[in-house]
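S.K.: this one's structure only:
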């Protein structure tokens, strides 16, 4: 069993206009193991994406306190590529478009980055894995020949992120708002892809606003984030409660003083 | 200069049994050389390269008499063509594509031409396999001053790949190419330039595109030496089309300067220029993209895009789009950029486990490799990619 631990994580971001550091995460604690499905829910602007980008190692975010540990080994000084090779994966909300690199080339390069330099994945093995993954996601093979995310629709992008997840087979995957911008059919397909990799050797952390994706990917634990930290942890029922009461109900119950920026309550 | 001096300067360069009309062109060019200016490559200083200076003639040209013609086409050296296919050469040589001794380097190269190829594709010949036309060295011992003549006659269709083998010796190279597309012909032309380090190179490629003819031109400027290159397509017939894709990589301390030009002379002609460059080390790369529409060429399209990726703080580069339009009823546009690697792209690739260097390489290859992917013929495409890859790797 492997463990990803977030310990008292404080993160700040430099505002590009004012050049001032703004603290976004104010002490996040979270432990997850392989074999588990976690969901983080929370209102807009509460730091969910900051948490996922910081775990992955986006240089834009600065850790001012706390630690991120993979199997008790701190990742703080590891660059993003080393974290990825250590087993982390982030399905991004806004993946970059790169013209001139085909999906296929990219996937091979990503897989080979995890192998000894003189032992690249045999083409045959690669293609059979790719075909299998494409089929799970109802994707056609011409997707593999297209340039990386270039001109992809919102739904195609999400599928493509999950295609990479299936091919790269990480230990821990963070899925940042995988459900946003997806219609029901696409959501089902993408969820099917995630469900496919869920197992004893894989842990996943889903970041979401809504309960609906949790209908397809059942969480073992649900965490609620507000004001830059996790304020409550529970099981799948917590998500049901949030759906009924909204985040403001929980906020008032816990006596937390945060503004819910997009809330009407 | 009196007649005797002219003759004595030219004599070592003459081809065996060279026709008089050809020698007359040399004489005119030699006279003209004194009065014409150097060609202008904006923002490129090449004065110290000493182009257009008379080379030392080590020996009388060692001529290659090989005639590589097949039943479908004529391919041989210019010197052979001048005796064997004189009428054809006379019909096209400096008659359609390059017609003026407009600058000093054209004049110089014309006066002292010592090598070159002649390729003629007869009417309605449609070839499915590409012609690989390597430089046929007429004078291995001497500095190359070549003139290549490529004629695609009416209705012919062909893919031609021109790749110069990297010369062993350092020195100067002057190379002129005329490319003539007769009406309704279609040419896929792929130039891969790999001039060696320590060479200073002047290239002038002039294409003339006739009615309904189509030129798809891919250029890989992957030399290690200093290069100034003029790439010019003139759309002289109605509905003529030319697309020029130029991919360039500079490294070390080299300079490459390119004038890439399409001129719409005829109505309803379509010209597109797309240039992408990668600049490494302490090198310099300049793209001058020139789109020109002549008065009366209505209903034409002139588009261009020049993009440069700078990978070193010590490198320098320019992407200058120039549109000269003398007609109202046209569609013209341009885009240009000089930029560095996109951090967002690098982060994304690295987030999938690619080490920074590998990610960089992939982004760069993607940036410039798009042209390679547009080459239809697999062998030509792979060759183009291989050379691109080599240049990128060497430059790191």
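M.R.: On my side now, so go ahead. The model shown is predicted, which means the values in this text are computed figures rather than measured ones.

S.K.: list the contacts for the residue in chain A that chain B sits nearest to?
M.R.: Closest approach between chain A and chain B, counting by Cβ to the nearest Cβ: residue A:100, at 2.9 Å. All C-beta atoms are positioned from the backbone trio N, CA, C, and that covers glycine. Neighbour list for residue A:100: A:147, B:365-370, B:373 [criterion: Cβ atoms under 8 Å, 6 or more residues apart in numbering or on different chains].

S.K.: ok, residue B:37 - contacts?
M.R.: Residues in contact with residue B:37 (Cβ under 8 Å, 6+ apart) are B:103-104.

S.K.: got the end-to-end distance for stretch A:83-100?
M.R.: One end of stretch A:83-100 sits 26 Å from the other (Cα to Cα, to the nearest Å).

S.K.: Tell me where the stretch 151-300 of chain B has helices.
M.R.: Under the criterion DSSP state H, counting those that start in this stretch, the stretch 151-300 of chain B contains no helices.

S.K.: got the residues of chain B near chain A?
M.R.: Chain B has residues B:342, B:344-345, B:347-356, B:358-359, B:362-363, B:365-370, B:373 near chain A, with proximity defined as Cβ under 8 Å from any Cβ of the partner chain.

S.K.: sorry, back to before: and the furthest pair within the contacts of residue A:100?
M.R.: The span of the contacts of residue A:100, defined through Cβ to Cβ, is set by A:147 and B:368 at 13.7 Å.

S.K.: These two - which one has more neighbours?
M.R.: Set side by side, residue A:147 and residue B:368 show more neighbours around residue B:368, with 23 against 19, by other Cβ atoms under 10 Å in any protein chain shown.

S.K.: For my notes, confirm that one occurs in a helix.
M.R.: Yes. Counting by DSSP: H, G, I helix; E, B strand; the rest coil, residue B:368 is part of a helix.

S.K.: dump the residue contacts of residue 102.
M.R.: Chain wasn't specified; assuming chain A. Shown in contact with residue A:102 (Cβ under 8 Å, 6+ apart): A:144-148.

S.K.: The intended chain is chain B.
M.R.: Applying Cβ under 8 Å, 6+ apart to residue B:102 gives the contacts residue B:36.

S.K.: Tell me the spacing between it and residue B:208.
M.R.: Distance from residue B:102 to residue B:208, counting by Cβ to Cβ, to the nearest Å: 15 Å.

S.K.: quick one: the helices in the stretch 1-150 of chain A?
M.R.: Counting by DSSP H, counting those that start in this stretch, the helices of the stretch 1-150 of chain A are A:48-56, A:80-86, A:103-112, A:123-136, A:142-145.

S.K.: Could you tell me the model confidence score at the closest residue in space to residue B:300 that isn't next to it in sequence?
M.R.: Nearest non-adjacent residue to residue B:300, counting by Cβ to Cβ, 6 or more residues apart in numbering or on different chains: residue B:264, 4.2 Å away. As predicted, residue B:264 sits at a pLDDT of 97.

S.K.: Quick check, residue B:264 in contact with residue B:298.
M.R.: No. Applying Cβ atoms under 8 Å, one finds residue B:264 not in contact with residue B:298, separated by 9.7 Å.

S.K.: okay, and the common contacts of those two?
M.R.: Common contacts of residue B:264 and residue B:298 (Cβ under 8 Å, 6+ apart): residue B:330.

S.K.: Looking at the two, which is more packed in?
M.R.: More crowded of residue B:264 and residue B:298, by other Cβ under 10 Å: residue B:264, with 31 against 14.

S.K.: how far away is that one from residue B:297?
M.R.: For residue B:264, the distance to residue B:297 - Cβ to Cβ - is 4 Å.

S.K.: One more: residue A:236?
M.R.: Distance from residue A:236 to residue B:297, by Cβ to Cβ: 70 Å.

S.K.: Which one's more surrounded, the two?
M.R.: Using other Cβ under 10 Å, the more surrounded residue of residue A:236 and residue B:297 is residue B:297, with 24 against 16.

S.K.: That one and chain A, how far apart?
M.R.: 32 Å (Cβ to the nearest Cβ, to the nearest Å).

S.K.: Can you give me every residue that contacts that residue?
M.R.: B:235, B:264-267, B:269, B:327, B:330.

S.K.: now, which of these lie within strands?
M.R.: Counting by DSSP state E, the contacts of residue B:297 place B:235, B:264, B:330 in strands.

S.K.: Looking at the residues you listed, which one is closest to residue A:40?
M.R.: Comparing the ones in strands among the contacts of residue B:297 against residue A:40 with Cβ to Cβ places residue B:330 closest, at 55.9 Å.

S.K.: what is the closest one paired to in the beta sheet?
M.R.: Beta bridges link residue B:330 to residue B:300, judged by DSSP bridges.

S.K.: list the contacts for it?
M.R.: Contacts of residue B:330 by Cβ under 8 Å, 6+ apart are B:264, B:293, B:297-302.

S.K.: sorry, back to before: highest neighbour count among the contacts of residue A:102?
M.R.: The most crowded member of those, judged by other Cβ under 10 Å, is residue A:148 (25 neighbours).

S.K.: ok, for it, nearest residue in space, not its chain neighbours?
M.R.: Among residues not flanking residue A:148 along the chain, residue A:98 sits closest, at 4.3 Å (Cβ to Cβ, 6+ apart).

S.K.: Start from the N-terminal end of chain A and give the strands.
M.R.: Under the criterion DSSP E, chain A contains strands at A:3-14, A:21-33, A:37-41, A:61-70, A:73-74, A:88-91, A:98-102, A:147-148, A:172-176, A:203-208, A:221-226, A:229-234.

S.K.: got those strands as TSV, with mean pLDDT columns?
M.R.: Converted to TSV, the strands of chain A look like this (pLDDT from 0 to 100):
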stretch	mean pLDDT
strand A:3-14	96
strand A:21-33	95
strand A:37-41	96
strand A:61-70	97
strand A:73-74	97
strand A:88-91	98
strand A:98-102	90
strand A:147-148	93
strand A:172-176	97
strand A:203-208	95
strand A:221-226	95
strand A:229-234	94
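
S.K.: Following the chain onward from the helix or strand where residue B:7 lies, which element is next?
M.R.: Residue B:7 is located in helix B:3-10, with elements delineated by DSSP states H and E. Tracing the chain past helix B:3-10, the next element assigned as helix or strand by DSSP H and E is helix B:20-33.

S.K.: Quick check: what element follows that next one along the chain?
M.R.: Using DSSP H and E, the helix or strand that follows helix B:20-33 in sequence is strand B:74-77.

S.K.: Okay, now the unreliable bits of the chain?
M.R.: As the question left the chain open, I've gone with chain A. A:261-265 (pLDDT under 70).

S.K.: that's the other chain; I wanted chain B
M.R.: Chain B contains residues with pLDDT under 70 at B:1-4, B:57-65, B:135-141, B:165-170, B:395-396.

S.K.: at 50 what do you get?
M.R.: Filtered on pLDDT under 50, chain B yields the residue ranges B:1, B:138-139.

S.K.: Tell me which residue in it sits closest to chain A.
M.R.: residue B:366 (2.9 Å).

S.K.: quick one on the thing from earlier: could I get the ones in strands among the contacts of residue B:297 in TSV, plus columns for distance to residue B:115?
M.R.: Output for the ones in strands among the contacts of residue B:297, formatted as TSV (distance: Cβ to Cβ, whole Å):
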residue	distance to residue B:115
B:235	29
B:264	33
B:330	40
